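> Sequence and predicted model, in that order:
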Amino acid sequence: MYKQIETVREIFLPSAVIVSPLATLEDECGGRAHIIEDDHCLMLCIEQEDGFCKPTTHLFREAILVIKNLEFPD
């Protein structure tokens, strides 16, 4: 089960783009997921073993609960 932790400062997408996440979640095995904003939309990215974060097409319950409590930047 993922739990929200302190948000990391930056993540790396496969396209070599550096992004500042809005929130970071971690599971009991150390897996991390990050919520980012892209073109005024929210995306959930899963951190891979190589350090890059890959966008996912599925939102899990814990991510939805974090999104509901986010304060969005202007």
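Great, that's in hand.
> Skipping its backbone neighbours, what lies nearest the spatially most central residue of the chain in space?
Note on the chain: the residue nearest the mean C-alpha position is His34, at 1.0 Å, using Cα atoms, centre = their mean. Of all residues not flanking His34 in the chain, Pro21 sits nearest, at 3.9 Å (Cβ to Cβ, 6 or more residues apart in numbering). Where you see a C-beta, it was placed from the backbone N, CA and C, and this is true even at glycine.
> That neighbour - how many residues pack around it?
Close neighbours of Pro21, defined as other Cβ atoms under 10 Å, add up to 20.
> What of Ala23?
20.
> ditto for Thr56
Counted with other Cβ under 10 Å, Thr56 comes out at 13.
> so what's it up against?
33, 44-46 (Cβ atoms under 8 Å, 6 or more residues apart in numbering).
> Out of these, which comes closest to Pro55?
Of all the contacts of Thr56, Pro55 sits closest to Cys45, with 5.2 Å by Cβ to Cβ.
> secondary structure class for the closest one?
The three-state assignment at Cys45 reads strand, by DSSP: H, G, I helix; E, B strand; the rest coil.
> can I assume it is in contact with Arg32?
No - using Cβ atoms under 8 Å, Cys45 is not in contact with Arg32, being 9.1 Å away.
> what kind of secondary structure is Glu62 in?
helix.
> Count residues in the vicinity of it, would you?
So Glu62, with other Cβ under 10 Å, has 15 neighbours.
> Show me the strands in this structure, by range?
Residue ranges of the strands in the chain, as given by DSSP state E, are 3-5, 11-12, 18-19, 23-26, 32-38, 41-47, 53-55.
> closest one to Leu70 among those strands?
strand 23-26 (6.3 Å).
> re earlier: Cys45 and Arg32 - which one has more neighbours?
Cys45 (22 against 18).
> beta partners of the more buried one?
His34, Pro55 (DSSP bridges).
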